[in-house]
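[1] What follows is a predicted structure for the sequence shown.
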Amino acid sequence: MRELSVFYCNKCGFYGYYQLPKNAVCHKCSCAMTRLDMTHQKFVGLSYEERDRLLAAKMIESAPSLACRITAPEKLYRQRKLVGALTQRILELEKEVDQLNETIEWMHTTIWNAVRQRQELKEEIQFLKESSGPDQPAATDI
């Protein structure tokens, strides 16, 4: 006589004990069930929680899309978290750019004021040289 084997449904997780694989049809999904590579005695020796964990792992292995659907919320959460962190970084960098632009504007203004003041001083020296006669010493000669 054939020994009982454990079969489970890849779609819903229903399991049953059958001697022949042709009899292993899921009563819920009406699809062929997969044989579990474990003896009937070992399977019966497992607690209900251990059975559930084992069958869930087998279902995930057989249907990678199921694993994707299960982990999709976590991936979405991680993406949102990453988007939030990147948005925060962008705001920090924009603030830094604004500060640097203000610094450049200040430096630009300061440099042009210094150039203008230098030009005015040159013109004043030139004026003083011209207004002083040839017999009087120039202001730069003193």
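    Right, received. Where do you want to start? Fair warning: this is a prediction, and the values are worked out from it, not measured in the lab. Numbers count the residues shown, from 1 in each chain.
[2] Could you tell me which strand of the protein is the longest one?
    strand 34-39 (DSSP state E).
[3] And the helix or strand that it is followed by, what does it pack against?
    As assigned by DSSP states H and E, the chain's next helix or strand after strand 34-39 is helix 40-45. On a contact count with 3 or more Cβ pairs under 8 Å, 6 or more residues apart in numbering; DSSP states H and E, helix 40-45 meets strand 5-8. The way it works is simple: take the backbone N, C-alpha and C, and place the C-beta from them, glycine included.
[4] dump the residue contacts of the residue nearest the centre of the chain.
    By Cα atoms, centre = their mean, the chain has its centre lying nearest to Leu82, at 3.6 Å. By Cβ atoms under 8 Å, 6 or more residues apart in numbering, the contact set of Leu82 is empty.
[5] gap between the longest strand of the chain and the chain center?
    Relative to its chain's centre, strand 34-39 lies at 40 Å (Cα atoms, centre = their mean, to the nearest Å).
[6] Partner strands of that strand, with direction?
    In the sheet, strand 34-39 lines up against strand 5-8 (antiparallel) (DSSP bridges).
[7] which residues of this structure score low on pLDDT?
    Filtered on pLDDT under 70, the chain yields the residue ranges 1, 63-72, 133-142.
[8] longest helix of it?
    The single longest helix within the chain, with elements called by DSSP state H, is helix 64-131.
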